[in-house]
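K.L.:
Just need the structure, nothing else, for what follows:
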Amino acid sequence: LLCTMHYTACIWNVLGFSTFARSSFHTTWADIYEEDSEQFQDNVMVYASPLAEMVDHYLTAVFLVLSLITGLGLAQLPANYVEAFAFVALAVTNMTVYAWAVGGISGL
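P.N.:
Residues are numbered from 1 along each chain as shown. Alright, predicted model coming up:
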């Protein structure tokens, strides 16, 4: 499950924060997330280094994936059709892996 969470977070991170995604689509989930963050914090995020920015983006994607895997609720909805398709594909994949893991545990 940890590997699935990691790879899913990486995919979700690429869909939201990559320059290709931001140039191809008008809005990504990351744009909306950053706007919401600025609204609540009343300032723009300034990172100490590129590594700190990368870690923040990764942890944000992990948070969204965990909310998707566990079904506890969605922190951010997809902002375009590509993200919506990826969201559905990731949800089905995560449900399948989760069901496989629970089935394997219950078979012991």
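K.L.:
Give me the residues contacting the helix or strand of the chain with the lowest mean pLDDT.
P.N.:
The weakest-scoring helix or strand in the chain, judged by mean pLDDT, DSSP states H and E, is helix 29-41 (a mean of 74). The contact list for helix 29-41 (CB atoms under 8 Å, 6 or more residues apart in numbering) reads 12, 15-17, 22, 44-45, 57, 60, 64, 76-79, 83. For the C-beta atoms, the positions are set from N, CA and C on the backbone; glycine is no exception.
K.L.:
ok now whichever helix or strand comes after that helix, how far from the chain's centre?
P.N.:
On the C-terminal side of helix 29-41, the closest following helix or strand by DSSP states H and E is helix 50-70. Helix 50-70 has its C-alpha centroid displaced from the chain centroid by 6 Å (CA atoms, centre = their mean, to the nearest Å).
K.L.:
Now do the same contact list for the residue nearest the centre of the chain.
P.N.:
Residue closest to the mean C-alpha point of the chain, counted by CA atoms, centre = their mean, is Ala61 at 3.3 Å. If a contact means CB under 8 Å, 6+ apart, then Ala61 has Ala9, Cys10, Trp12, Asn13, Gly16, Phe17 as its contacts.
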